[in-house]
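1. below are the sequence and a predicted model; questions follow.
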Number of protein chains: 2
Amino acid sequence: MVEAAFALFDEQGYDATTVEQIVERAGVSRSTFFRAFGSKEDVIFPRHDELQSRMEARLATGGPATLRVAVVEAARMVLDQYVAEGPLALSRYRLTRTVPALRDREIASMIGYQRLFRDRLRAWMSSADADLHAELLAAAVVTGHNVVLRRWLRGATDDPATEFDDAMDSVFAMTRAWDDGGAPSRTAVVVVASDRPSEEVAALVEDALRG
Amino acid sequence: MVEAAFALFDEQGYDATTVEQIVERAGVSRSTFFRAFGSKEDVIFPRHDELQSRMEARLATGGPATLRVAVVEAARMVLDQYVAEGPLALSRYRLTRTVPALRDREIASMIGYQRLFRDRLRAWMSSADADLHAELLAAAVVTGHNVVLRRWLRGATDDPATEFDDAMDSVFAMTRAWDDGGAPSRTAVVVVASDRPSEEVAALVEDALRG
DNA sequence: ACTCAGATGAGACCCAGTGTCACACGCACC
DNA sequence: GGTGCGTGTGACACTGGGTCTCATCTGAGT
């Protein structure tokens, strides 16, 4: 049934294939199809709620001290799931790249993971900007994961696991900026209100910086 | 027409209202509705492609030296758009919070902005991990923006503008971790208050910095 | 053989979205 | 005042995803 669907999507595209065609090839009825998958899209995105609850279980074992390893391992579960699916993940990737509706669907599920992380991180973090920092860190973890996952899906890497670890290093390196709150930024923000032409002001500022 | 739609969504929910009911109340035909909006969802998310092209125009005036201000101002355009919409934005927020399909739709458009940022940032950044860093920074900017926007939509703040600036400070503080060692960067961000459009000023400053 | 439960099939139905055709309106041009 | 023309609008048929109901089948337990 899933095979019939993917085969047809591959032959004639996602939008062009109707559920009718799928069930005809699979030798079942329309009723059975919708009972089994709920929707046409769900043929492509299987069991992602089950993965989500496994991630929740993993996150539940963490705490403020083990924050990083808990989140990273939970994110790693997503990567492993895709890698374990192998060719199926590649077929899905081809579809999500070309069909906007499917791309949006996948993005939505990624945001679901991000919300999982965010809620946990927020409970574990204690800085003044815990809300913002939890959200940023969750987004960074998911983004880092996605970069590596996409590289693997494109065939740009054979070793997504170590790339993932490196990406997580980059992600958590960023958070150091929050720990030592006193480090001065090397970026200067200059707000100038004057009646001189703005390009002249910009030139003067630049000269001053060079000087 | 938009008013009729929002009123009905408010009265009986999004899924429960049919396009038929909307056009009946608005006194037009079904044809006109779909010609004007294209879909039922598009009544709620208007003109976001126009905003996107305005952002592209703003980003096009930036460069490696004015990376931060370009991206921040482009993100700020989204915030300003929502704030300018006022009550309409609040109504939309109520819908996107409750109707999954609409939530996903909004997320997808946010990811669209993120991709805009990512592509630009990647062209401007030159570190070894430019791909990853561009993606992370784009995600962080969008996430920071979203945190502030949601706070405003929930009524948690009356001054989203300064909260946005603070959030962007947090976001770009993170990127310090990527800078090599302690060599001070010569990056200058110049904000010039004038009555010229910000895109124009940014371009002029950029030119001046290029020397 | 009997029964009950769960899976399947058949078909009616709703609604979003597309496409086509016809009609009305405003507007230049003759 | 007609005549052509583009545009916006309505009417309507049609496709296709998704829901619901009811009938049928199958298989395990007694």
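-> Everything's here; your move. Numbers count the residues shown, from 1 in each chain, chains lettered A, B, ... in the order given.

2. what comes up buried for stretch A:149-168?
-> Buried residues in stretch A:149-168, counted by 16 or more other Cβ atoms under 10 Å in any protein chain shown: A:149-153, A:160, A:163-164, A:167-168. C-beta: built from backbone N, CA, C; applies to glycine.

3. got any ranges where chain A has weak pLDDT?
-> A:180-211 (pLDDT under 70).

4. what residue is smack in the middle of it?
-> residue A:142 (4.0 Å; Cα atoms, centre = their mean).

5. distance-wise, check that residue relative to residue B:160.
-> Taking Cβ to Cβ, to the nearest Å as the measure, residue A:142 falls 24 Å from residue B:160.

6. equivalent analysis for residue A:39, please.
-> In terms of Cβ to Cβ, residue A:39 sits 37 Å off from residue B:160.

7. same check on residue A:178?
-> From residue A:178 to residue B:160 the distance is 22 Å (Cβ to Cβ).

8. next: residue A:83.
-> 41 Å.

9. tell me the contacts of residue A:16?
-> For residue A:16, no residue meets the contact criterion (Cβ atoms under 8 Å, 6 or more residues apart in numbering or on different chains).

10. next: residue A:147.
-> Residue A:147 neighbours (Cβ under 8 Å, 6+ apart): A:167, B:131-132, B:135.

11. list only those of those residues flagged as buried.
-> A:167, B:131-132, B:135.

12. DNA strand D versus residue A:103, what's the distance?
-> 16 Å (Cβ to the nearest atom of the strand, to the nearest Å).

13. number of nearby residues for that residue?
-> Neighbour count of residue A:103, defined by other Cβ atoms under 10 Å in any protein chain shown: 15.

14. residues contacting it?
-> Residue A:103 neighbours (Cβ under 8 Å, 6+ apart): A:96-97, B:108.

15. buried stuff in stretch A:55-73?
-> Neighbour count says stretch A:55-73 has A:55, A:58-59, A:62, A:67-68, A:70-73 buried, by 16+ other Cβ under 10 Å.

16. now those residues in TSV, with secondary structure and distance to residue B:46?
-> What follows is the buried residues of stretch A:55-73, written out as TSV (DSSP: H, G, I helix; E, B strand; the rest coil; distance: Cβ to Cβ, whole Å):
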residue	secondary structure	distance to residue B:46
A:55	helix	36
A:58	helix	41
A:59	helix	38
A:62	coil	42
A:67	helix	41
A:68	helix	42
A:70	helix	41
A:71	helix	37
A:72	helix	40
A:73	helix	42
